[in-house]
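**Student:** Fold the following, please.
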Amino acid sequence: MQQPWVDILFEQTPLARVLIGGAWRIGQNCPRADATINRLQSLQGLEIVRLESLDLMHWDSLLLTYIRALSQFCDAQGITLDTRALPEGVQGLLMLAAAVPERQDASRQKNLDDWLSILGRQTLWLVKDIGLLADFIGEAILGFLRLLGGQSQLRWSDFWRLVEACGPNALPIITLISALVGMILAFVGAVQLKLFGAQIFIADLVGLGMAREMGAMMTAILMAGRTGSAYAAEIGSMTVNDEIDALKTSGFSPMDFLVMPRILAMLVTIPLLCLYADIWGMIGGALVAAGLFDISASEYLIQIQTRLRLIDFEVGIGKSAVFGILVASAGCLRGLLCQRNASSVGLATTSAVVTAIVYIVISDAVMTLLVTALNLYKR
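**Tutor:** Below you'll find the model as predicted:
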């Protein structure tokens, strides 16, 4: 294989010809761009550098790197670089490399902006996002009214498929996390209760914590990461592939066809998953109570039956239903707002999870304050 070589021809004119030949591949002893640049700098009155190929046999990215270095030198010196004499394949790769601008350091650019402009941009984004959320809520309400009036385009086969994906397929992870959360609650509470000889109240702590808060909260967060992100990815991919526009052109409402089945599936499955999580959380607490603090299963069960009431489960399940609507809405909203490029699908998925968790925390705080104000836990 012929070795790569470079030669420079300059005859007292503003034009310098750089001849390139041989096989330019990684692993070959290719000429360095620094050497060529040093020779060009020594030339007086240089205005044009023309790259020409002579017996150029093979090339890879090493040749492109060499040419890019010469291009940067010529741009800095105000010299015109002529690549028209190179093979068409090399010119095509150079055009492709120049088509995507080099990404600047985002953190450096961010430091150049003052805090007021950053605050202004974030405020404008928040206002725009709230407006889009309001539009989505309005369309979802209209879709639900169409469903009640029997005019919806919802396909019940899609609904049952989504129910299976949200419900039975989520049982393993719900079982594991709920049992671990119950064990953690029991252990943390028991460390303090043991100081007063009140280990039996581990059952009260775990039962009330799971039934009122942790069961619904952990189930919703798990579903946000598992199912809400999947909703955003599915609908976002459809947006990128113009499938959403195809549905609209065919006379199908994306709200009825895509969003409503997902919201209804989440609304149906999350309360059941919440009750399932409550049970497994109490089982996890029982394992800690029996294994570390000598509380029998019968004592634990009797204490839970004595302390827990139906209203405790009703509040937790009611919260979970609200969480389910919020998780499904966040996933569908971010999927519909996805831009038409591949990277936006990942951004939409991440945004769906973050948005759903924010909605969950805010709504839980509001509902907790409301339940406390109504004094629903009064015995």
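**Student:** so residue 6 is in which element?
**Tutor:** strand 5-10 (DSSP states H and E).
**Student:** Against which helices or strands is that strand packed?
**Tutor:** Contacts defined by 3 or more Cβ pairs under 8 Å, 6 or more residues apart in numbering; DSSP states H and E place strand 5-10 against strand 15-24, helix 33-41. Bear in mind the C-beta positions are built from the backbone N, C-alpha and C, glycine included.
**Student:** now that strand, how far from the chain's geometric center?
**Tutor:** Here strand 5-10 is found 52 Å from its chain centre; the criterion is Cα atoms, centre = their mean, to the nearest Å.
**Student:** for it, what is the average pLDDT?
**Tutor:** The average pLDDT for strand 5-10 rounds to 82.
**Student:** Would you give the sheet partners of it, along with the direction of each?
**Tutor:** strand 15-24 (antiparallel) (DSSP bridges).
**Student:** what sits against the closest residue to residue 237 other than its chain neighbours?
**Tutor:** Distances taken as Cβ to Cβ, 6 or more residues apart in numbering put residue 345 closest to residue 237, at 5.8 Å, once the chain neighbours are dropped. Neighbouring residues of residue 345 by Cβ atoms under 8 Å, 6 or more residues apart in numbering: 233, 236-237, 240, 338.
**Student:** Out of the residues you listed, list just those in helices.
**Tutor:** Of those, the ones assigned to helices by DSSP state H are 233, 236-237, 240.
**Student:** I'd like to know which of these is nearest to residue 298.
**Tutor:** residue 233 (47.2 Å; Cβ to Cβ).
**Student:** among the contacts of residue 345, which two are most distant?
**Tutor:** 233 and 240 (10.4 Å).
**Student:** re earlier: so which of the contacts of residue 345 is the most crowded?
**Tutor:** Neighbour counts for these (other Cβ atoms under 10 Å) peak at residue 236, which has 28 neighbours.
**Student:** Flag every buried residue along the strand holding residue 6.
**Tutor:** In terms of neighbour count (16 or more other Cβ atoms under 10 Å), strand 5-10 has its buried residues at 6, 10.
**Student:** Check stretch 276-296 too.
**Tutor:** 276-289, 292-293, 295.
**Student:** Counting neighbours, what do you get for residue 163?
**Tutor:** 18.
**Student:** now it, nearest residue through space, not along the chain?
**Tutor:** residue 265 (4.7 Å).
**Student:** Mean pLDDT per helix and strand in the protein: which one sits at the bottom?
**Tutor:** Every helix and strand of the chain was ranked by mean pLDDT, DSSP states H and E. The lowest is helix 106-112, at a mean of 49.
**Student:** next structured bit after it?
**Tutor:** Next along from helix 106-112, by DSSP H and E: helix 115-148.
**Student:** quick check: mean pLDDT across the helix or strand that that next one is followed by?
**Tutor:** Under the assignment DSSP H and E, the closest C-terminal helix or strand after helix 115-148 is helix 156-166. Averaged across helix 156-166, pLDDT comes to 90.
**Student:** CA atoms only for helix 156-166 - export them in CSV, please.
**Tutor:** Output of helix 156-166 as CSV, limited to C-alpha atoms (Å, rounded to 0.1, in the frame of the first residue of the first chain):
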residue,chain,number,x,y,z
TRP,A,156,-61.8,-0.4,24.1
SER,A,157,-59.3,-3.0,22.9
ASP,A,158,-56.5,-0.4,23.4
PHE,A,159,-58.0,0.3,26.9
TRP,A,160,-57.8,-3.3,28.0
ARG,A,161,-54.3,-3.7,26.6
LEU,A,162,-53.2,-0.6,28.6
VAL,A,163,-54.9,-1.9,31.7
GLU,A,164,-52.8,-5.1,31.4
ALA,A,165,-49.6,-3.1,31.0
CYS,A,166,-50.4,-0.8,33.9
